[in-house]
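Q: here's my sequence, what's the structure:
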Amino acid sequence: MSSVSLRIHRLEPQSARGRARLTKILNAATDLFLEVGYEQTSIDAILVRSGGSKSTLYAYFPTKEDLFRSVIDSVVDNSGLGAALDISSNARSVLTEFAVSRQRVVLSPRHRAVIGLVIAERDRFPDLAQIYWERGPQRSGRQLVTYLEALRNREILAIDDAEEAAEFFIGMIFQHWLRQLYYVNLPPPSEESIRARAERVVARFWAAYRRGPR
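A: The predicted model follows:
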């Protein structure tokens, strides 16, 4: 599927004061959109929370839709991949830290709220769901595939299909949590639980794909 461009129309501030005002508006809008949704968030409520003026807000965002798109764009970009997967480091440690990092992001209350908002507004903003997919799950998946291909090429792991192996790895990380966290409103897992899950998944993945006798 081809990449989708996010249609954002906004004036970029040139001064430090303008950038600070823009940040306040975006932060207030982000909090409100995640708390009550797109439909229930009013421009007036955003202005009350940000302390800005209508003239300032509309100078940056001509419409509420433009503001919403900017919010989602910012939130998705700030849920980045973290450090690159280093092929020169211990592979089991690298995979463990990758699993820990992705769980921290995806299972956080804020990220869960973002996913819920994107799904709720999918009909109104169909491009946002694809943007989230491309910059989030698809991007991190490709990073993992590239790393597993490098492990295969170095004859560290016996992987025939790196995409399938990455799918298995990610599935083992998240399936247990997602059934609980997205169907039932439970608190996110503890740091200890996240790391324990990552270590168990890597151990089973390594046993399945390591070279030599099983």
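Q: break this structure down into its structural domains.
A: 16-63, 91-209 (automatic domain parsing).
Q: of those, which is nearest Ser74?
A: Checking the domains of the chain against Ser74 by Cβ to Cβ gives domain 16-63 as the closest, at 6.0 Å. All C-beta spots, glycine's among them, are computed from the backbone N, C-alpha and C.
Q: before we move on, the earlier item: can you list the domains of the chain in TSV and add mean neighbour count?
A: Listed next are those as TSV, based on neighbours: other Cβ atoms under 10 Å:
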stretch	mean neighbour count
domain 16-63	16
domain 91-209	16
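Q: could these be laid out in a markdown table, adding mean pLDDT and distance to Asp77?
A: Formatted as a markdown table, the domains of the chain follow (pLDDT from 0 to 100; distance: least, Cβ to Cβ, whole Å):
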| stretch | mean pLDDT | distance to Asp77 |
| --- | --- | --- |
| domain 16-63 | 91 | 12 |
| domain 91-209 | 91 | 7 |
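Q: right, and these - which one's nearest Val75?
A: domain 91-209 (5.3 Å).
Q: now do the closest one: distance to the chain's middle.
A: 10 Å (Cα atoms, centre = their mean, to the nearest Å).
Q: begin at 40 from here
A: All set: I'll call the first residue 40, so the last point we hit is now domain 130-248.
Q: Lys172 and Ser147, how far apart?
A: No Lys there; residue 172 is Trp. Note on Trp172: its distance to Ser147, by Cβ to Cβ, to the nearest Å, is 18 Å.
Q: before we move on, what about Ile195?
A: Ile195 is 31 Å from Ser147, by Cβ to Cβ.
Q: one more: Phe208?
A: Relative to Ser147, Phe208 is positioned 20 Å away (Cβ to Cβ).
Q: what does Leu190 give?
A: Counting by Cβ to Cβ, the gap from Leu190 to Ser147 is 28 Å.
Q: with Asp112 instead?
A: For Asp112 relative to Ser147 (Cβ to Cβ), the value is 19 Å.
Q: do Val75 as well
A: Val75 is 19 Å from Ser147, by Cβ to Cβ.
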